[in-house]
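[1] have a look; sequence and predicted model below, questions after that.
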Amino acid sequence: EVQLVESGGGSVQTGGSLRLSCAASGFTFGDYSIGWFRQAPGKERERVSCINSSDGTTYYANSVKGRFTISSDNPKNTAYLQMNSLEPEDTAVYYCAATGDPLYGCLPLGYWGQGTQVTVSS
């Protein structure tokens, strides 16, 4: 059974940092790319970043480029999202998901974590 478990969310002030983790089980990390998505209240789910853990290819949404960094630790089957210079607009529930390759748009494959709340106050 494929499982994805996020952790690391919390509340920070503008300019602060958080690191989210996504622990995967039930599949070999290299079989899928791993993506981070977020959903703010009243808004649609938004693609944030994804990584092909086999070759390191990454994707970032324009809104987070230069502030967020995605990485993976393949032996640990864990992906990370380092978020720096956080802004109130980054407030959302963050989800990790198994996705297709970043070169093809990080399309979700139907496996999602439960989400972790990130709140940035001004």
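    Yep, that arrived. The shown structure was predicted, so the numbers you read here are calculated from the model rather than taken from an experiment.

[2] distance of the closest residue to residue 57 other than its chain neighbours from residue 60?
    Nearest in space to residue 57, with sequence neighbours left out and distances taken as Cβ to Cβ, 6 or more residues apart in numbering, is residue 102 at 4.8 Å. (Each C-beta comes from the backbone N, C-alpha and C, glycine too.) In this view, residue 102 and residue 60 are 9 Å apart by Cβ to Cβ, to the nearest Å.

[3] same question for residue 84.
    13 Å.

[4] kindly state the pLDDT recorded for residue 103?
    As predicted, residue 103 sits at a pLDDT of 89.

[5] can you classify it by secondary structure?
    Three-state assignment for residue 103 (DSSP: H, G, I helix; E, B strand; the rest coil): helix.

[6] identify the residues contacting it.
    For residue 103, the contact set (Cβ atoms under 8 Å, 6 or more residues apart in numbering) comprises 52, 57.

[7] what do you get for residue 101?
    Residues near residue 101 by Cβ under 8 Å, 6+ apart: 33, 52, 57.

[8] please tell me how far the first one sits from residue 120.
    When Cβ to Cβ is applied, the distance between residue 33 and residue 120 equals 26 Å.
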